[in-house]
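Student: Structure of the sequence below:
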Amino acid sequence: QVQLVESGGGLVQAGGSLRLSCAASGRTFSGYTMGWFRRAPGKDREFVAVIDWSSGITSNTDSVQGRFTISRDNAKNTVYLQMNSLKPEDTAVYYCAAAREFMTTTDSRYDYWGRGTQVTVSS
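Tutor: Down below sits the predicted model:
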């Protein structure tokens, strides 16, 4: 059974940092794309960052460019989202997801989802 479990969320002041983790289990994720999405209160879920598990190729949305970095640790079967220079508008529930489609940024193309972790940035 595939499981994606996020951790690392919390309350932080604007300008601070957090590192989210996504522990993946239940199958081999080589060949999968791993993505981070977020849903802010009253808004639709949106794409944040994506990484190809095999090659390490990454991409992210413009609003987090230069502040967020996605990475993975193959030995630990874990994907990370390092978030620096956090802003109040980054407040959201952050979700980890896995897709068989290469580097997709569309949430409907993802096959597996975690339950999310709350990130709250105070001003």
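
Student: Sticking with the residue nearest the centre of the chain, tell me its helix or strand.
Tutor: With distances taken as C-alpha atoms, centre = their mean, Trp36 lies nearest the centre of the chain, 2.4 Å away. Using DSSP states H and E, Trp36 falls within strand 33-39.

Student: Neighbouring strands of that strand in the sheet, and parallel or not?
Tutor: Counting by DSSP bridges, the strands paired with strand 33-39 are strand 45-52 (antiparallel), strand 92-99 (antiparallel).

Student: now those in a markdown table, with mean pLDDT and distance to Gln82?
Tutor: C-beta coordinates here come from the backbone N, C-alpha and C atoms, glycine included. A markdown table is the format used below for the strands paired with strand 33-39 (pLDDT from 0 to 100; distance: least, C-beta to C-beta, whole Å):
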| stretch | mean pLDDT | distance to Gln82 |
| --- | --- | --- |
| strand 45-52 | 98 | 10 |
| strand 92-99 | 98 | 12 |
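
Student: what's the most buried one of the ones you listed?
Tutor: With neighbours taken as mean count of other C-beta atoms under 10 Å, these reach their highest mean count in strand 92-99, at a mean of 22.

Student: got a list of contacts for the helix or strand following that strand?
Tutor: Once the chain leaves strand 92-99, the next helix or strand it forms, by DSSP H and E, is strand 112-113. Strand 112-113 has contacts (C-beta atoms under 8 Å, 6 or more residues apart in numbering) with 2, 4, 95-98.

Student: Pick the one among those closest to Leu11.
Tutor: Checking these against Leu11 by C-beta to C-beta gives Tyr95 as the nearest, at 18.4 Å.

Student: From what I see, Arg109 and Ala97 are in contact.
Tutor: No. At 9.2 Å, Arg109 does not count as touching Ala97 under the criterion of C-beta atoms under 8 Å.

Student: ok so, going back, and of the contacts of strand 112-113, the nearest to Phe29?
Tutor: The closest of these, once distances to Phe29 are taken by C-beta to C-beta, is Ala98, at 6.2 Å.
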